[in-house]
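1. Could you look at this predicted model? Sequence included:
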Amino acid sequence: MTLLSDPELLARLVALDSTSHLSNLPLARFLADYLARPGVRVDLLTSPDPAKANLLVRVGPEEADGGLTLSGHMDTVPAEEPEWRSDPFTLTQEGDNYVARGSADMKGFLALAANRLAALEPTRLHHSLALLFTHDEEVGTVGARHFAESSDRPPIPRDLIIGEPTKLEVVRLHKGMLRLRLTFHGVAAHSAYPHLGRNAIEPAGRAIVALSDLRAELEAERPPHGEHFPKVPFVALNVGTVTGGRAANVVPDRCVVQLGIRLLPGTSPEAVTERVRQAVRRALPDEAFNLDHVSLSPALMLAEDADLHRELCDEVGQRGSRSVNFATDAGWLQQAGFRCVLFGPGNIEDAHRANEYVPAADLLRAGQVLERLIARRCLAA
């Protein structure tokens, strides 16, 4: 396939709608075809969901301790906001910015990574360059977890850059995301005969008050590593959704409360889950409820003196550490032994909203940084 410019490739990627509820196979297969040539190993790694796959592309010697891995997720959030000024799946240039769903988060980086590998002559590599593109990051880092927990994954370099939109800053810490579900059961009845039923929403309401108190407790605490997150230096608990009842004239027999909890590096998800359980139990000593784990995206913490962190900081002229409050694929990949940093074009504050964009200058500079890093790590003898 003819090599495209970075904006041309980005336009092709955003045109393939890979919203998380859809299959990512069309996008993964396009990239596989774009990158396939002699000397390049391309693998679509199957998932328990037959409509989803991770994409792994490797060039150069097989190794874990040299070279570099570039990683990003292929899925996006929906583009249903009414404020879009253009088709969200058509790359549009507005001034110095490229606008489309996924342009910042994170198909801009996918285009840069794919083109940097596509431009290499495989026989010139002394160390490996790998691309790991995952599915379903936006709904719980599902693809990264599947890859990290696979016993038969091929060896790829452990030094790994995830191209989340960081404004071209090098990020070595991020929070994790724990999702829990509380379910309260009652007995349905006609609301004219309430004595025949049991309302499931009422105990849920008392539980929410208790969870509000727990949230305040957590906000007053200063656990280890909170100093790296000065805006939110604590474990943050959010009651995200409450679903229950069918009509005003029916006693509700079920109510579900979903929680999202942002974990600091080193915070035990099991311990936080138990605190949730005990808070609800104290509020409802005689009520039955179910507390279920929905998903976990672990936190990230890479040592400040890690080679990849120091090298990238030197490259961009950054002093000191950076952190972000959102979770990424890096949490699971770190648990599988990868040394992860975040670095990519665009700003996360411009993602997940109408008229998402990535600055053209960010694409250019990020591409140049990656080229220099690949030359040092993969091409030098």
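-> Yep, that arrived. Numbers count the residues shown, from 1 in each chain.
2. Show me the shaky parts of the stretch 1-150 of the chain.
-> Regions of the stretch 1-150 of the chain meeting the criterion pLDDT under 70 are absent.
3. What distance do you get for P230 to L284?
-> In this view, P230 and L284 are 36 Å apart by C-beta to C-beta, to the nearest Å. Heads up, the C-betas are built off the backbone N, CA and C, glycines and all.
4. And A361, by the same measure?
-> Counting by C-beta to C-beta, the gap from A361 to L284 is 55 Å.
5. Of the two, give the one with the bigger neighbour count.
-> Set A361 next to L284 and count neighbours by other C-beta atoms under 10 Å: L284 wins out with 16 against 12.
6. residues in contact with that one?
-> L284 makes contacts with P203, R206, A207, A210, as judged by C-beta atoms under 8 Å, 6 or more residues apart in numbering.
7. Please, which helix or strand holds the first one?
-> Taking DSSP states H and E as the definition, P203 sits inside helix 201-220.
8. Tabulate the CA atom coordinates of that helix in PDB.
-> What follows is helix 201-220, C-alpha atoms only, in PDB (Å, rounded to 0.1, in the frame of the first residue of the first chain):
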ATOM      1  CA  ILE A 201     -35.100   2.400  45.700                       C
ATOM      2  CA  GLU A 202     -35.400   3.400  49.400                       C
ATOM      3  CA  PRO A 203     -32.500   1.400  50.700                       C
ATOM      4  CA  ALA A 204     -30.500   2.400  47.700                       C
ATOM      5  CA  GLY A 205     -31.100   6.000  48.700                       C
ATOM      6  CA  ARG A 206     -29.800   5.400  52.200                       C
ATOM      7  CA  ALA A 207     -26.800   3.700  50.700                       C
ATOM      8  CA  ILE A 208     -26.100   6.700  48.500                       C
ATOM      9  CA  VAL A 209     -26.100   9.000  51.600                       C
ATOM     10  CA  ALA A 210     -23.600   6.600  53.300                       C
ATOM     11  CA  LEU A 211     -21.400   6.600  50.200                       C
ATOM     12  CA  SER A 212     -21.500  10.400  50.200                       C
ATOM     13  CA  ASP A 213     -20.100  10.300  53.700                       C
ATOM     14  CA  LEU A 214     -17.400   7.800  52.600                       C
ATOM     15  CA  ARG A 215     -16.500  10.100  49.700                       C
ATOM     16  CA  ALA A 216     -15.900  12.900  52.200                       C
ATOM     17  CA  GLU A 217     -13.700  10.600  54.300                       C
ATOM     18  CA  LEU A 218     -11.600   9.700  51.300                       C
ATOM     19  CA  GLU A 219     -11.300  13.400  50.300                       C
ATOM     20  CA  ALA A 220      -9.900  14.200  53.800                       C
END
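9. Next secondary structure element downstream of that helix?
-> Of the helices and strands lying after helix 201-220 in sequence (DSSP H and E), the nearest is strand 236-244.
10. average pLDDT for that following strand?
-> In this model, strand 236-244 has an average pLDDT of 98.
11. so what does that strand touch, helix or strand wise?
-> Contacts defined by 3 or more C-beta pairs under 8 Å, 6 or more residues apart in numbering; DSSP states H and E place strand 236-244 against helix 201-220, strand 254-263.
12. quick one: average confidence on the first helix or strand past it going along the chain?
-> As assigned by DSSP H and E, the chain's next helix or strand after strand 236-244 is strand 250-251. If you average the pLDDT over strand 250-251, you get 97.
13. so what's the residue nearest the centre of the chain up against?
-> Nearest to the geometric centre of the chain sits T328, at 3.3 Å (C-alpha atoms, centre = their mean). The contact partners of T328, by C-beta under 8 Å, 6+ apart, come to E137, T141, I162, E164, H174, S297, L300, L342.
14. next one: L178
-> The contact partners of L178, by C-beta under 8 Å, 6+ apart, come to G260, I261, R262, L263, P269, V272, T273, H293, S295, L296, S297.
15. So what's the residue count around the second one?
-> The reference is to I261. 25.
16. Relative to E315, how far out is it?
-> For I261 relative to E315 (C-beta to C-beta), the value is 35 Å.
17. do the third one as well
-> Per C-beta to C-beta, R262 is found 30 Å from E315.
18. out of those two, which sits in the busier spot?
-> Using other C-beta under 10 Å as the criterion, R262 and E315 rank with R262 on top: 23 against 16.
19. all strands for the stretch 51-200 of the chain, in order.
-> Using DSSP state E, counting those that start in this stretch, the strands found in the stretch 51-200 of the chain span residues 53-59, 68-73, 92-94, 97-99, 129-134, 159-162, 173-174, 176-185, 189-190.
20. do you know which of the ones you listed lies nearest E304?
-> With C-beta to C-beta as the measure, strand 173-174 is the member of the strands of the stretch 51-200 of the chain nearest E304 (9.3 Å).
21. Can you list the strands that the closest one pairs with?
-> strand 300-301 (antiparallel), strand 323-324 (parallel) (DSSP bridges).
22. most packed of those?
-> Comparing the strands paired with strand 173-174 by mean neighbour count (mean count of other C-beta atoms under 10 Å), strand 300-301 ranks first with a mean of 24.
23. and the helix or strand just after it, how far from the chain's centre?
-> Where DSSP H and E defines the elements, the next helix or strand beyond strand 300-301 is helix 307-316. Here helix 307-316 shows a centroid-to-chain-centroid distance of 22 Å under the convention C-alpha atoms, centre = their mean, to the nearest Å.
24. in helix 307-316, what's buried?
-> Residues L308, H309, E311, L312, C313, E315 are the ones in helix 307-316 that count as buried (16 or more other C-beta atoms under 10 Å).
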